[in-house]
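**Q** what shape does this take:
(one chain, ligands or ions: 1)
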Amino acid sequence: MPDTLQNPLPKGAFRLKYEEQLRLVPWPFKGYYKTLAEKNGYYNRVFMQEWGNGLEHEPVLEAGCGEASDLTRREVKMHFLVGIDPLPDDIAKNEGLKFKAIGVLEDLPLRDCFFAGYYSDSVYEHIDHPVKCTREAFRVLRPGGRIIINTNSVFNPFMFPNKFLSLKWRERLKRVAKIQSEGTFRAPYKINTARRLRKYLREAGFVDIKIYRWGLPAMYRPRWVLFLLLCMELLAELPMFCGLKHRLMATARKPS
Ligand SMILES: C[S@@+](CC[C@H](N)C(=O)[O-])C[C@H]1O[C@@H](n2cnc3c(N)ncnc32)[C@H](O)[C@@H]1O
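**A** Next comes the predicted model:
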């Protein structure tokens with residue numbers, strides 16, 4: 001199995017093995033499903049890790065690191081990875097960070113122009129004032145520093161209800177659907193369109209902003225639900241409907 005398929009599941013999906021998932025996919029979609037899985041694995045892991053190339057001995061901030069981080073699992077270790085998160089118990093479990101800080105992205109307790117990289121995965125969907133966060137990111141990055149924000153698209157049918165459901169209801173639904181995930185956090189989705197991501201990064205001063213999208217339907221039984229999901233994915237291949245894709249990511253740079 002190619003490397004990128006080792007963990008092709010979107011975060012929060014059923015933790016089924018790839019082969020088990022593939023067995024559930026209706027036959028006309030098997031080839032397409034493999035392509036989706038490969039792309040998902042590539043963007044969720046490989047792309048994010050490759051982004052760190054050249055930063056192995058530079059200070060890099062993992063914003064909202066939680067208890068685990070893909071950056072800490074890189075083949076080439078990052079020697080100066082600093083993690084920040086508001087939850088002390090979670091960050092205490094995070095191994096592989098050189099320094100740990102407790103705090104929020106809106107008000108970083110860190111000095112100006114220090115970091116060469118700013119990495120954030122699955123955090124910006126939880127933020128109420130994202131422009132404060134992008135401005136703070138710009139402040140702590142040194143000239144030429146790079147940023148990557150990996151989040152969800154609000155238009156994805158599985159993400160959209162999170163905007164309105166209470167935490168209690170989301171927890172209940174997860175239990176019924178047997179969905180395992182890192183935790184349930186508020187998800188106001190204030191930056192979760194390509195237009196807003198670009199706008200807030202540009203307003204903060206970033207340049208060379210690039211947007212990426214991909215997605216992979218989480219596994220739901222019965223199979224006809226999966227069939228509908230895959231039809232939706234096909235529709236999302238059209239530029240007009242690309243907002244339906246699950247993941248949304250931006251990379252950018254602070255001008256030198
Ligand atoms: C779904 S977890 C993702 C954790 C980790 N980045 C990962 O990819 O596994 C969301 C994380 O965002 C953090 N978070 C939520 N709001 C935040 C804020 N305003 N500032 C910093 N971190 C925040 C939570 O504490 C949690 O650790």
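**Q** buried stuff in the longest helix seen in the chain?
**A** Criterion DSSP state H: the longest helix present in the chain is helix 223-236. Residues of helix 223-236 classed as buried by neighbour count (16 or more other C-beta atoms under 10 Å): Leu226, Leu229, Leu230, Met232, Glu233, Ala236. C-beta: built from backbone N, CA, C; applies to glycine.
**Q** check stretch 144-164 too.
**A** By 16+ other C-beta under 10 Å, the buried positions in stretch 144-164 come out as 145-156, 158-160, 162.
**Q** now do stretch 245-256
**A** Residues of stretch 245-256 classed as buried by neighbour count (16+ other C-beta under 10 Å): Lys245, His246, Arg247, Leu248, Met249, Ala250, Thr251, Ala252, Arg253, Lys254.
**Q** can you give me the strands in the protein?
**A** Using DSSP state E, the strands found in the chain span residues 60-63, 81-85, 99-102, 115-121, 141-152, 207-214, 247-253.
**Q** which one of these lies nearest to the ligand?
**A** strand 115-121 (3.7 Å; C-beta to the nearest ligand atom).
**Q** and the angle from that closest one to strand 247-253?
**A** Here the directions of strand 115-121 and strand 247-253 differ by 170 degrees (axes from the mean of the first three to the mean of the last three C-alpha atoms, to 10 degrees).
**Q** backbone dihedrals for the residue nearest to Asn162 when sequence neighbours are not counted, please?
**A** Spatially, and ignoring its direct neighbours in sequence, Asn162 is nearest to Ala187 (4.2 Å; C-beta to C-beta, 6 or more residues apart in numbering). Backbone torsions of Ala187, given as degrees, to the nearest 10, read phi -140, psi 80.
**Q** counting neighbours, what do you get for Ala187?
**A** Using other C-beta atoms under 10 Å, Ala187 is surrounded by 22 other residues.
**Q** which ones are touching it?
**A** Each residue near Ala187 by C-beta atoms under 8 Å, 6 or more residues apart in numbering is listed here: Glu125, His126, Asn152, Met159, Asn162, Lys163.
**Q** and the ligand, which of those contact it?
**A** Restricting those to those touching the ligand (C-beta under 6 Å from any ligand atom) yields His126.
**Q** among the contacts of Ala187, which one lies nearest to the ligand?
**A** His126 (4.1 Å).
**Q** which non-adjacent residue is nearest that closest one?
**A** Excluding its sequence neighbours, the residue lying closest to His126 (C-beta to C-beta, 6+ apart) is Phe185, at 4.6 Å.
**Q** how about the strands of the chain in TSV, adding mean pLDDT?
**A** As requested, those are arranged in TSV below (pLDDT from 0 to 100):
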stretch	mean pLDDT
strand 60-63	97
strand 81-85	96
strand 99-102	96
strand 115-121	97
strand 141-152	97
strand 207-214	96
strand 247-253	96
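**Q** so what's the closest residue to Phe160 other than its chain neighbours up against?
**A** Spatially, and ignoring its direct neighbours in sequence, Phe160 is nearest to Val154 (6.1 Å; C-beta to C-beta, 6+ apart). By C-beta under 8 Å, 6+ apart, Val154 lies in contact with Glu125, Phe160, Lys163, Tyr189, Asn192, Thr193, Gly243.
**Q** distance between the ends of stretch 137-156?
**A** Distance across stretch 137-156, first residue to last, is 26 Å (C-alpha to C-alpha, to the nearest Å).
**Q** confidence score at Arg111?
**A** Arg111 carries a pLDDT value of 96.
**Q** Met1 too?
**A** Looking at Met1, its pLDDT reads 41.
**Q** nearest spatial neighbour of the residue of the chain found nearest the ligand, skipping sequence neighbours?
**A** Proximity of the chain to the ligand (C-beta to the nearest ligand atom) peaks at Gly66, 2.8 Å away. Leaving aside its sequence neighbours, Gly66 sits nearest to Asp90 (C-beta to C-beta, 6+ apart; 5.0 Å).
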